[in-house]
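A.B. asks: Sharing a sequence plus its predicted fold:
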Amino acid sequence: MSESTARVAIVTGAARGIGAATALRLAQDGFAVAVLDLKEDDARGTVEAIEAAGGRALAVGADVGDAEQAQAAVDRVAAELGPPVVLVNNAGVTRDNMLFKMSDADWDIVMHVHLRGSFLMTRAAQKHMIDAKWGRIVNLSSTSALGNRGQANYATAKAGLQGFTKTLAIELGKFGVTANAIAPGFIQTEMTKATAERIGEDWESYVQKRAAAIPVARAGVPEDIAHTVSFFVSEGAGFVSGQVVYVAGGPKN
Ligand code: CAA
């Protein structure tokens, strides 16, 4: 596919981790990719990696949970790369704490990024998919949606994204747009590394301990998730919509 006719994808939270691996994979798959993160500067590394591999990408800075910034980001992508027809809502934060110690701010920021952010980005991007009569939306849920000690906020947001996904699938299906969710289990990223540090565990032994509880006997890597995103956004996956796939090395976690 030539640059001028490449479909355009937006990946949020794509400076690092699962988002960065997904942006790289979608570029390999032939998409022009908007690498969106809170700060444009942070997104540049992923853009450079995509360009070094011969792909086309744009760094975009935005707080996805801010309505004006989300709309402006989508408008900029449409103007500079082309109309976005793939959206991967990956941006996320954790503020783990036991319920009785969880602050209002720790609840609100998690809802702001995951739920409000996915809502605002999807509302802004969907118009381009409807116009194109083709689109793919992938939302990042988590095994934490099934409940996880210390994550009342995050589990709620990740379960909420599953309901959001299924509703998008129902509303947008007749316009050629699919919506699916991926629920990763334990993936080695800066987010899980920060969790290990916060609870005072050595990273290597934390990974080994987590891997020991996973049926395929290893921890996940961002590319495991990027591969599943690649499937959901592919042409051939047009009859798969409203689904949640747990990518966790086993049936649960
Ligand atoms: N009222 C009063 N006291 C209570 C209470 C309540 N409602 N509930 C519990 N308590 C008490 C307990 O009895 C316990 O008291 P003792 O110390 O006397 O036993 C105390 O409060 C809680 O102590 P803990 O040491 O168990 O808990 P903590 O506050 O130190 O931290 C934790 C617990 C928040 C779960 C912390 O261990 C943690 O953050 N763990 C990691 C969580 C995690 O797995 N996060 C996933 C990150 S990766 C990710 O999110 C990616 C993904 O998608 C999977």
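C.D. replies: Yes, it's here. Residues are numbered from 1 along each chain as shown.

A.B. asks: partners of the helix or strand hosting Val11, with directions?
C.D. replies: Under the criterion DSSP states H and E, the helix or strand holding Val11 is strand 8-12. Based on DSSP bridges, the strands next to strand 8-12 in the sheet, each with its direction, are strand 32-37 (parallel), strand 84-89 (parallel).

A.B. asks: Can I get the helix or strand that the first one is followed by as PDB, trimmed to CA atoms?
C.D. replies: Put plainly, it is strand 32-37. Stepping forward along the backbone from strand 32-37, the first helix or strand reached (DSSP H and E) is helix 40-52. Coordinates of the C-alpha atoms in helix 40-52 are reproduced here as PDB (Å, rounded to 0.1, in the frame of the first residue of the first chain):
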ATOM      1  CA  GLU A  40       4.300  14.900  22.200                       C
ATOM      2  CA  ASP A  41       8.000  14.700  23.100                       C
ATOM      3  CA  ASP A  42       7.400  11.300  24.800                       C
ATOM      4  CA  ALA A  43       5.800  10.000  21.600                       C
ATOM      5  CA  ARG A  44       8.800  10.800  19.400                       C
ATOM      6  CA  GLY A  45      10.800   7.700  20.200                       C
ATOM      7  CA  THR A  46       8.000   5.400  18.900                       C
ATOM      8  CA  VAL A  47       7.700   7.600  15.800                       C
ATOM      9  CA  GLU A  48      11.400   7.400  15.100                       C
ATOM     10  CA  ALA A  49      11.300   3.600  15.500                       C
ATOM     11  CA  ILE A  50       8.500   3.400  13.000                       C
ATOM     12  CA  GLU A  51      10.200   5.700  10.500                       C
ATOM     13  CA  ALA A  52      13.500   3.700  10.900                       C
END
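
A.B. asks: Paired strands for the very next helix or strand once past helix 40-52, with orientation please.
C.D. replies: Going down the chain from helix 40-52, the next helix or strand is strand 57-61, by DSSP H and E. For strand 57-61, sheet partners with direction are given as strand 32-37 (parallel), following DSSP bridges.

A.B. asks: Since that was my last question, I'll sign off now.
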